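> Below is the sequence, then the predicted model.
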Amino acid sequence: MVDIEQYIRNITDFPKRGIQFKDITPLLASREATDACVQQFIDLLDNQKVDKVVAIEARGFFFGMLLAQRLNVGFIPIRKPGKLPYKTLKESYDLEYGTDSLEIHEDAIKKGDLVLLHDDVLATGGTAKAACNLIERLGAEVVQCNFLIELEFLNGIRKLPNQNVKSLLKY
Ligand SMILES: O=P(O)(O)OC[C@H]1O[C@H](OP(=O)(O)OP(=O)(O)O)[C@H](O)[C@@H]1O
Ligand SMILES: Nc1ncnc2[nH]cnc12
């Protein structure tokens, strides 16, 4: 049994003073640990049907794509502004350390699609909330939001009151 928590490195005062950054790169560097994470995500999905995996730039892409492959469905990127080349929908949000916007291609998912939303970290919840809004504006349904890490002390889950939220690690 792999203890995935051992692969998360804490970096003090990154990217700003007062932030303890959860560095997932040691986890990404381990084939054994990434396999264990994918299996745990699949178990948490509990056979829920999924049509698309949507993940958030940039760190959400790592496991988002692995999950899409494992679930045998397509992968959809939600990206920072100005990166997607076709017509987009846009949502703005607050970060633990700043503000930003997210975009999705307007034809990326269809009305009625069942979507698994993935990101690496749930912190204040603004990013995930904005992503859910984008998916729902396209008429799709978010069946689960899953995260490698939930920073419970930031209470991001309060911004996702109607979502099925699952995390592999909680701090
Ligand atoms: O819950 P929140 O407070 O909104 O924060 C969580 C978001 O913050 C980080 O992304 P970041 O914007 O640092 O971008 P990156 O993935 O490109 O490094 C993380 O990957 C989440 O997407
Ligand atoms: N403390 C943190 N560590 C890693 N990613 C984050 N995203 C938002 N807050 C974070």
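Happy to help now that I have it. Predicted model only: the values in this text are computed from it and were never measured. Ligands and ions are numbered 1, 2, ... in the order given.
> tell me which element the residue nearest the centre of the chain is part of?
Per C-alpha atoms, centre = their mean, the C-alpha nearest to the average position across the chain is that of D119, at 1.4 Å. Per DSSP states H and E, D119 falls inside strand 114-122.
> what is the mean pLDDT for whichever helix or strand comes after that strand?
The first helix or strand that comes after strand 114-122 along the chain, using DSSP H and E, is helix 126-137. Average pLDDT, helix 126-137: 97.
> ok, V2 - how many residues close by?
16 (other C-beta atoms under 10 Å). Any C-beta I mention is one placed from the backbone N, CA and C, and that applies to glycine too.
> per-residue confidence at it?
pLDDT, read off for V2, is 96.
> low-scoring stretches of the chain, by residue?
96-97 (pLDDT under 70).
> Show me which residues of it are close to ligand 2?
Listed as neighbours of ligand 2 in the chain under the rule C-beta under 6 Å from any ligand atom: 19-22, 96, 121, 123, 151.
> which residues of the protein fall in helices?
Here the chain has its helices, by DSSP state H, at 25-28, 31-45, 60-71, 126-137.
> right, and those helices - which one's nearest ligand 1?
Closest of the helices of the chain to ligand 1 is helix 126-137, at 3.2 Å (criterion: C-beta to the nearest ligand atom).
> Just to check, V115 is in contact with K52?
Yes - using C-beta atoms under 8 Å, V115 makes contact with K52 at a distance of 5.3 Å.
> which bits of this structure sit near ligand 1?
Proximity of the chain to ligand 1, by C-beta under 6 Å from any ligand atom, involves residues 56-60, 95-96, 100, 119-128, 156.
> which among those residues end up buried?
56-57, 59-60, 96, 119-128, 156 (16 or more other C-beta atoms under 10 Å).
> which residues does G98 bridge with?
Beta bridges link G98 to L95, judged by DSSP bridges.
> mind checking how far it is from N146?
Per C-beta to C-beta, to the nearest Å, G98 is found 24 Å from N146.
> more crowded one of the two?
More crowded of G98 and N146, by other C-beta under 10 Å: N146, with 24 against 8.
> The more buried one against H118, yeah?
Yes - with contact defined as C-beta under 8 Å, N146 reaches H118; the gap is 5.4 Å.
> what residues do these two have in common as contacts?
Common neighbours of N146 and H118, using C-beta atoms under 8 Å, 6 or more residues apart in numbering, are F41.
> Which residues are in contact with T12?
Residues near T12 by C-beta under 8 Å, 6+ apart: 20-21.
> Show me the beta-bridge partners of it.
In beta-bridge terms (that is, DSSP bridges), T12 pairs with Q20.
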